[in-house]
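Chemist: Model the structure of this input:
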Amino acid sequence: MGMYEEIASNSRRTYGLVFFFFVLITFLGLLIGMFYGNQYGGIVLALIIGGLYFLFSYYAGSGAILSMTGAHEATKPKYAHLINTVEGLSIAAGLPKPPKVYVIDDSALNAFATGRDPEHAAVAVTTGLLEKLDKLELEGVLAHEISHIKNYDIRVMMLASVMVGITVLLSDFLLRSFLWGGLRRDEQRGGSITIVLIVVGLLLAVLSPLIGELMKLAISRKREFLADASGAMLTRYPQGLADALRKIKSDPDPLVDKANRATAHLFISTPFRKTKGTFTHLFATHPDINERIKRLEAM
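Modeler: Okay, the predicted model is just below:
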């Protein structure tokens, strides 16, 4: 599959996953509304909570992420090459303005992009990445992050994270409603419909957070493939990013000290130490790095 086909394919799948999120949240709102005797009220409540939660994350999220990861703004002349490379790639990508550039004092090889849109974006790289990668490899990584910005991946991933948070919140509310009032309401109403509603609601309340988290991780993995393809198209040299990923894969200490589960999906590679297990791939924030290298070298 070539660059353009890779981009188109992953875009379709990603928007399909995001649509499923909306359906899941709306259905949880419907169940809450049915439980309290007002179906439309439950849906409206879910949408209002989701909207407020999204607005807060939309305008304050990137600043919080940069602060959590300990990033500080890069300045010239110390980081002149880094800043100039980001500016050059931003012009090539057609961004309205170059993103702000940040550096994280950490020996791990990693980088990420954040922000709500190309006009309000930032790119952060670790000092370990700057020290270990050559010019073409660093350009490949930065092109990957610029592509996240150009493709609005930063907004899609923020939306996915917000929707997971809303799913957990609504599911918890639904579960507590059933646990504290379900039996009493069942006695008042009676009938098989109420019993089915309670059973379905309990199952969704328990499983929705897990489903939501798995869907968010699936979106994250799809966006990484898309950014790899877009970055390769931007530099016209897929091997640069492939070589960079190979070095990142061989990093003996990949742990980014200030990374956490809330920010892990933003990085170009998982910022945690590698673990093995039967279900590890289901909860991985990134696709297999060997598969990413293989796809890049086939372009």
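Chemist: Might one say that residue 36 is in contact with residue 42?
Modeler: Yes. The pair residue 36 / residue 42 is scored as a contact, 6.8 Å apart, by CB atoms under 8 Å. (C-beta placed from N, C-alpha, C; glycine too.)
Chemist: Which one's more surrounded, those two?
Modeler: Per other CB atoms under 10 Å, whichever of residue 36 and residue 42 has more neighbours is residue 42, with 23 against 14.
Chemist: what number of residues lie near the residue nearest to the more buried one when sequence neighbours are not counted?
Modeler: Using CB to CB, 6 or more residues apart in numbering and skipping residues adjacent in sequence, the residue nearest residue 42 is residue 33, 2.1 Å away. Counted with other CB under 10 Å, the neighbours of residue 33 add up to 18.
Chemist: list the contacts for residue 33?
Modeler: Applying CB atoms under 8 Å, 6 or more residues apart in numbering to residue 33 gives the contacts 39-43, 45.
Chemist: how about a cut-off of 7 Å?
Modeler: Contact analysis of residue 33 by CB atoms under 7 Å, 6 or more residues apart in numbering lists 39-43.
Chemist: Can you tell me how far it is from residue 26?
Modeler: Plainly put, residue 33 is 10 Å away from residue 26 if you go by CB to CB, to the nearest Å.
Chemist: for the record, mean pLDDT for stretch 269-288?
Modeler: The average pLDDT within stretch 269-288 is 68.
Chemist: which SS class is residue 226?
Modeler: Put simply, residue 226 is helix when judged by DSSP: H, G, I helix; E, B strand; the rest coil.
Chemist: okay but it is in contact with residue 152, surely?
Modeler: No. Residue 226 is beyond contact range of residue 152, at 10.6 Å (criterion: CB atoms under 7 Å).
Chemist: what touches both of residue 36 and residue 42?
Modeler: Common neighbours of residue 36 and residue 42 are not found (criterion: CB under 7 Å, 6+ apart).
Chemist: returning to what we had before: shared neighbours of residue 33 and residue 26, which are they?
Modeler: Among the neighbours of residue 33, those also in contact with residue 26 (CB under 7 Å, 6+ apart) are residue 43.
Chemist: What is the neighbour count of residue 75?
Modeler: Residues near residue 75, counting by other CB under 10 Å, number 11.
Chemist: next one: residue 122
Modeler: Residues within reach of residue 122, counting by other CB under 10 Å, total 21.
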